[in-house]
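A.B. asks: give me a 3D structure for the following:
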Amino acid sequence: MKTLLDIRASLFGSASASSELADRFVANWVSENPDGRVVRRDLLPGAFPSLTAARYTAFRTPADERTPEQRDDVAFSDELVAELHAADDIVLTAPMYNFSVPATLRDYFDHIARPGRTFAYSANGPEGLLRGKKTYVFITRGGRYSGAADTQRPYLEQFLGFIGLTDVEFVLAEGLAMGDDARQKSLDSAREQVDTLVRLAA
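C.D. replies: Numbering: from 1, shown residues only. As a prediction, this is how the structure comes out:
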């Protein structure tokens, strides 16, 4: 049975363009994998914790020396990491906010970048431990920033590759705040890409 991990990072939840694209992909994925399982992880502001010195210290403290509070902090991170290891496919929404990815997505990355769990250092440098998984990233932007002005895709490629997620498909919808026609054309193009990706994956 295949498992899809569905990670949402929009401030606007289901009302966002990135969530619309992810919803479309998930629905098609379920249609192609009727016996599959979808695990949803919402990175909601105020509900998803930021990395603090206490949490970071907990990650680095030997298991038999952790306080009860530290064990709770590590358990939450372990849960996130376990979801990634259990997934066959991963969906990630990454709307652009102030030329970057959402703060909650960066918080999520801080909680899953764990030596020995998602990456390891070797004589040849760091090696990602989440290999053999397909990742789909849905990027949405109000303006147009493809090319040299793109501050999202290079960052996401670097981080995802660092933890072993190197088979990544990006779907981009930009210019969404540049008028109704531009928004419609961009979203229609992105929807077509989503449908094509699901067929190719099947």
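
A.B. asks: what ranges do the helices span in the chain?
C.D. replies: 17-32, 53-60, 68-86, 103-112, 153-162, 180-201 (DSSP state H).

A.B. asks: would you format the ones you listed as a markdown table with mean neighbour count included?
C.D. replies: Where you see a C-beta, it was placed from the backbone N, CA and C, and this is true even at glycine. Listed next are the helices of the chain as a markdown table, based on neighbours: other CB atoms under 10 Å:
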| stretch | mean neighbour count |
| --- | --- |
| helix 17-32 | 19 |
| helix 53-60 | 14 |
| helix 68-86 | 15 |
| helix 103-112 | 19 |
| helix 153-162 | 15 |
| helix 180-201 | 15 |
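
A.B. asks: check contacts around D110.
C.D. replies: Counting by CB atoms under 8 Å, 6 or more residues apart in numbering, D110 touches S50, L51.

A.B. asks: one more time with 6 Å
C.D. replies: Counting by CB atoms under 6 Å, 6 or more residues apart in numbering, D110 touches L51.

A.B. asks: follow-up on the earlier one: possible to save the helices of the chain as CSV with distance to A173 and mean pLDDT?
C.D. replies: Putting the helices of the chain into CSV (distance: least, CB to CB, whole Å; pLDDT from 0 to 100) gives the following:
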stretch, distance to A173, mean pLDDT
helix 17-32, 6, 96
helix 53-60, 34, 95
helix 68-86, 25, 96
helix 103-112, 17, 97
helix 153-162, 13, 97
helix 180-201, 4, 91
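
A.B. asks: adding distance to E169, write the ones you listed out as JSON lines.
C.D. replies: Formatted as JSON lines, the helices of the chain follow (distance: least, CB to CB, whole Å):
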{"stretch": "helix 17-32", "distance to E169": "10"}
{"stretch": "helix 53-60", "distance to E169": "30"}
{"stretch": "helix 68-86", "distance to E169": "17"}
{"stretch": "helix 103-112", "distance to E169": "17"}
{"stretch": "helix 153-162", "distance to E169": "11"}
{"stretch": "helix 180-201", "distance to E169": "6"}
